[in-house]
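Visitor: next input, structure requested:
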Amino acid sequence: MREQTVALLALADAIIPGGRQELLKDLRPLLNADRFYTPHQIAEMFGMSLSTVRNWSTTGKLVPSIKVDNGTVRYTQEDIDRFVDNNRNNNTKTDPE
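Guide: Residues are numbered from 1 along each chain as shown. Next up is the predicted model:
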């Protein structure tokens with residue numbers, strides 16, 4: 001195990017209730033992700049503008065798995081699937097009777 005990883009896990013044990021197990025539980029979806037997508041790739045995927053994708057992110061409709069202080073975000077397939085499922089349900093039309 002790399003020295004930095006050992007140090008990070010020791011820090012997690014010291015400051016996070018549940019320590020490294022809690023940290024690893026939070027990181028597991030990221031560790032299992034096959035691929036990460038940029039906002040630009042999401043825009044191309046849905047045929048939408050980049051500003052629309054940023055709006056989805058800002059309003060919480062499309063939540064990224066990775067968000068860095070400088071504004072960089074990355075999405076997993078799980079993030080995209082959740083977004084599609086949530087919006088499929090919200091956009092279902094009902095017939096008034």
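
Visitor: so for the chain, the centremost residue is which one?
Guide: With distances taken as CA atoms, centre = their mean, residue 65 lies nearest the centre of the chain, 1.9 Å away.

Visitor: I'd like to know how far that one sits from residue 59.
Guide: Residue 65 sits 17 Å away from residue 59, going by CB to CB, to the nearest Å. In this view, the C-beta of every residue, glycine as well, is placed from N, C-alpha and C.

Visitor: distance of the residue nearest to the centre of the chain relative to residue 42?
Guide: Relative to residue 42, residue 65 is positioned 12 Å away (CB to CB).

Visitor: need the overlap of contacts for those two.
Guide: Shared contacts of residue 65 and residue 42, defined by CB atoms under 8 Å, 6 or more residues apart in numbering, are found at residue 75.

Visitor: what does stretch 34-46 rub up against?
Guide: 49-50, 52-54, 57, 62, 65-66, 73-77, 80.

Visitor: which of those residues fall in helices?
Guide: 50, 52-54, 57, 77, 80 (DSSP state H).

Visitor: dump the residues you listed into JSON lines; add pLDDT and neighbour count as well.
Guide: Listed next are the ones in helices among the contacts of stretch 34-46 as JSON lines, based on pLDDT from 0 to 100; neighbours: other CB atoms under 10 Å:
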{"residue": "50", "pLDDT": "96", "neighbour count": "13"}
{"residue": "52", "pLDDT": "96", "neighbour count": "15"}
{"residue": "53", "pLDDT": "96", "neighbour count": "23"}
{"residue": "54", "pLDDT": "94", "neighbour count": "16"}
{"residue": "57", "pLDDT": "93", "neighbour count": "19"}
{"residue": "77", "pLDDT": "90", "neighbour count": "13"}
{"residue": "80", "pLDDT": "94", "neighbour count": "16"}
